[in-house]
Structure formats: C-alpha cells, structure tokens
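Visitor: build me a model:
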Amino acid sequence: MKRKQCIVLEHCRDFIIENIDGKRLLDPMVEGGIFSTDDDDEIRSNQTRKACAERFYEKLLQSKHDNTYDTFKTALKVCNVDYIVKELEKYEKKYENEPETNLPDPRKTTGGKVPSSSNVKIVGSKNSVIVGGSNISININN
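Guide: As a prediction, the model looks like this:
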C-alpha cells in the first residue's frame, strides 16, 4: 500500500472503526488476496463489533499488498457503505499533489505494527510521544 493511502486511512481511522462491520468486509478482502483465512478467523473471533473493526483496521494497515487500498474501497462499495469511500476520497484529494517522500509512513513509526490501546505511563515533562504517525506533546507537572 502506498504511503498516501496509509495517511488517508490514518486520518479516517476513528471514522472507519466506528462505521465498518469488519465481518461483512472480510469475504471481499480474503477473495482479493489481501487477508488470509487465518486473518479471517482472527478478526471473526472478536466478541464485539468494535473489537472486530479495530482488528480489521490493524490488519488493513499492516498489509503489504499493492492493491490493499483499492480492494478495501471495493469491499466498502460491495457492502453498501459508500459514505466511507466518500470520506476517504476527501482526504485523497487533500494529498493528491503532495509528493510521497514528504509524508510520514504510519507503519514505520510503529515498527510496522499499528498501536493498539494499552496503558502507558509517562513520567517527566515535555515528553514527545508518537502514536500512529502523529506527534503528541504531553506536559506533566510532577
């Protein structure tokens, strides 16, 4: 997947997770060769819709296939959630003239893995934390 496509997905992360049914999207993603049957089983094993959507998103961003993004958009259309495609396309336009090399790759800032929710303890002041390709300054008064 291209860097611009990853950036678009990162901008829409919360929107995607809130609005997709990961289980409905699995068949087109497996048929398109993006997800394996093991990925399918792993995503389906989640108990809640949100957990399933989060795992789906993590697998999506981790994919190394060149056609991941287009296959995802096609799956969204097949599942009649075109409004998500329209949201993605808004961000595509924002970055269409931006050179790939000027954009950070969210997959590299996390070592190729999408951060999952976890507890983090930060001690000190003016710490810089990188989460999903975003810089966040945290000031803590001790």
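Visitor: give me the mean pLDDT for the host helix or strand of Leu60.
Guide: Element membership for Leu60, per DSSP states H and E: helix 49-62. The average pLDDT within helix 49-62 is 96.
Visitor: distance from the chain centre to it, please.
Guide: Mean-position distance between helix 49-62 and its chain equals 7 Å (Cα atoms, centre = their mean, to the nearest Å).
Visitor: what does stretch 64-79 give?
Guide: Distance, centroid of stretch 64-79 to centroid of chain: 12 Å (Cα atoms, centre = their mean).
Visitor: follow-up on the earlier one: what residues sit buried inside the very next helix or strand once past the helix holding Leu60?
Guide: Downstream of helix 49-62, the first helix or strand assigned by DSSP H and E is helix 68-78. Buried residues in helix 68-78, counted by 16 or more other Cβ atoms under 10 Å: Thr68, Tyr69, Thr71, Phe72, Lys73, Ala75, Leu76. Where you see a C-beta, it was placed from the backbone N, CA and C, and this is true even at glycine.
Visitor: what of stretch 54-66?
Guide: Glu54, Arg55, Phe56, Tyr57, Glu58, Lys59, Leu60, Leu61, Ser63.
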